[in-house]
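> next one to model:
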Amino acid sequence: MVKYIIETKDITKYYDNFRAVNSINLKVPENSAYGILGPNGAGKSTLISMLCTIFSPTQGTAIVNGYDIVKEPHNVRKSIGIVFQSRALDDILTGREHLEMHAALYGVKKDIRQDAINDILDLINLKDKIDEKVKNYSGGMKRKLEIGRGLIHRPKVLFLDEPTLGLDVPTRENIWSYIKNLKNTTDITILLTTHYLEEADGLCDEIAIIDQGEIVKSDSPSNLKNELKIDTIILKSLENNKLKDILQNQDFVNELKYDGSEIRLSVDKGAKLIPKIVHIAETNNINVDSIELKQPSLEEVFIKYTGYKINK
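Residues are numbered from 1 along each chain as shown. Here you go, the predicted structure:
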């Protein structure tokens with residue numbers, strides 16, 4: 001039986017007359033990585049701020065680790081870790097001083113505090129730099145330290161609000177690798193907000209697509225993509241024109257596009273059709289130089305349910 005560590009109940013947030021979050025209901029399984037995917041301004045940060053008890057909902061509520069965010073905010077805060085979208089580090093402190101201060105603030109007992117810090121250092125791989133001032137850290141090192149700081153009190157849920165926003169691509173991928181390792185080696189539940197499609201696709205067990213303050217679709221990344229059912233097969237041959245004429249009459253082809261250099265077929269269950277297409281070409285004495293299968297992307301899913309491309 002699935003145990004849910006976060007459950008929202010018609011949670012809603014107004015700012016004056018603006019409705020930032022509209023009656024959202026979602027369930028986050030324990031020990032999973034759950035992503036809230038949406039463009040800037042969709043309500044992602046407002047939702048996560050309510051779950052962390054930073055903002056109070058206008059209507060509705062949520063249960064986090066068994067505690068009601070409205071009635072038991074103190075217990076919620078004790079059981080969660082937070083990494084904010086904006087940087088929250090003091091450049092004049094060392095990495096170790098940040099961890100020690102955060103451990104003390106969260107009531108980690110003195111006799112186990114150093115062991116907790118050492119565990120975090122093993123996890124974030126910053127032992128060589130931990131006694132340097134944070135002003136000397138790279139952007140990726142600072143992000144790792146912030147994530148480590150959020151874990152120092154061993155929370156049940158870690159909230160990551162746009163964890164790689166503003167980082168260059170190599171650093172972003174490094175942080176993704178770190179979060180994957182965290183997910184695979186601990187029993188913590190991770191809830192992250194992002195507008196990076198590849199981040200949601202690669203890190204999350206389940207995704208909720210949010211648009212204009214509402215959840216428009218939720219499922220696993222693979223199920224969301226498979227739901228579109230349309231694959232693309234890309235073919236190249238020295239006899240493209242002849243091959244195009246043959247393939248456009250096949251009943252398994254939903255759509256054929258040809259730009260003079262390659263043939264693109266929209267089909268159902270493309271992996272099973274590749275041998276059939278090659279056989280058709282061989283039967284007609286046509287050599288296929290290359291054949292590529294492209295399955296639906298998360299971007300196509302996002303466009304289907306929101307009607308527009310996500311802003312990157």
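
> mind listing the helices for the stretch 51-200 of the chain?
73-78, 95-105, 110-124, 139-151, 169-185, 197-203 (DSSP state H, counting those that start in this stretch).

> of the ones you listed, which is nearest Gly43?
For these, proximity to Gly43 was assessed by CB to CB; helix 197-203 is nearest, at 15.7 Å. C-beta here means a position set from N, CA and C on the backbone, and glycine is covered the same way.

> hmm, who's touching the closest one?
With CB atoms under 8 Å, 6 or more residues apart in numbering as the test, helix 197-203 has contacts from 33, 35, 37, 164, 172, 176, 179-180, 183, 190, 192, 194, 207, 221, 297-299, 302, 310.

> cool, and stretch 284-295?
Contacts for stretch 284-295 (CB under 8 Å, 6+ apart): 225, 231-239, 242-243, 246, 270-271, 274, 277-278, 281.

> neighbours around Ile280, how many?
16 (other CB atoms under 10 Å).

> and it, how far from His74?
68 Å (CB to CB, to the nearest Å).

> any weak-confidence spans in the protein?
Scanning the chain with the threshold set as pLDDT under 70 gives 311-312.

> dead centre of it: give me the residue that sits there.
Ala200 (2.5 Å; CA atoms, centre = their mean).

> picking that back up, export the helices of the stretch 51-200 of the chain to JSON lines and append columns for distance to Val21.
Converted to JSON lines, the helices of the stretch 51-200 of the chain look like this (distance: least, CB to CB, whole Å):
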{"stretch": "helix 73-78", "distance to Val21": "17"}
{"stretch": "helix 95-105", "distance to Val21": "28"}
{"stretch": "helix 110-124", "distance to Val21": "32"}
{"stretch": "helix 139-151", "distance to Val21": "23"}
{"stretch": "helix 169-185", "distance to Val21": "25"}
{"stretch": "helix 197-203", "distance to Val21": "19"}
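
> of all those, which lies closest to Gln212?
helix 197-203 (18.1 Å).

> roughly how far apart are the residue nearest to the centre of the chain and Val64?
Ala200 is 21 Å from Val64, where distance means CB to CB.

> now for the helices of the stretch 51-200 of the chain, which one comes closest to Val2?
helix 169-185 (17.1 Å).

> just the buried residues of the closest one, please?
171-176, 178-179, 182-183 (16 or more other CB atoms under 10 Å).

> output the contacting helices and strands for it.
With contacts defined as 3 or more CB pairs under 8 Å, 6 or more residues apart in numbering; DSSP states H and E, the packing partners of helix 169-185 are helix 110-124, helix 139-151, strand 189-194, helix 197-203.

> how about 10 Å then?
On a contact count with 3 or more CB pairs under 10 Å, 6 or more residues apart in numbering; DSSP states H and E, helix 169-185 meets strand 33-37, helix 110-124, helix 139-151, strand 157-161, strand 189-194, helix 197-203.
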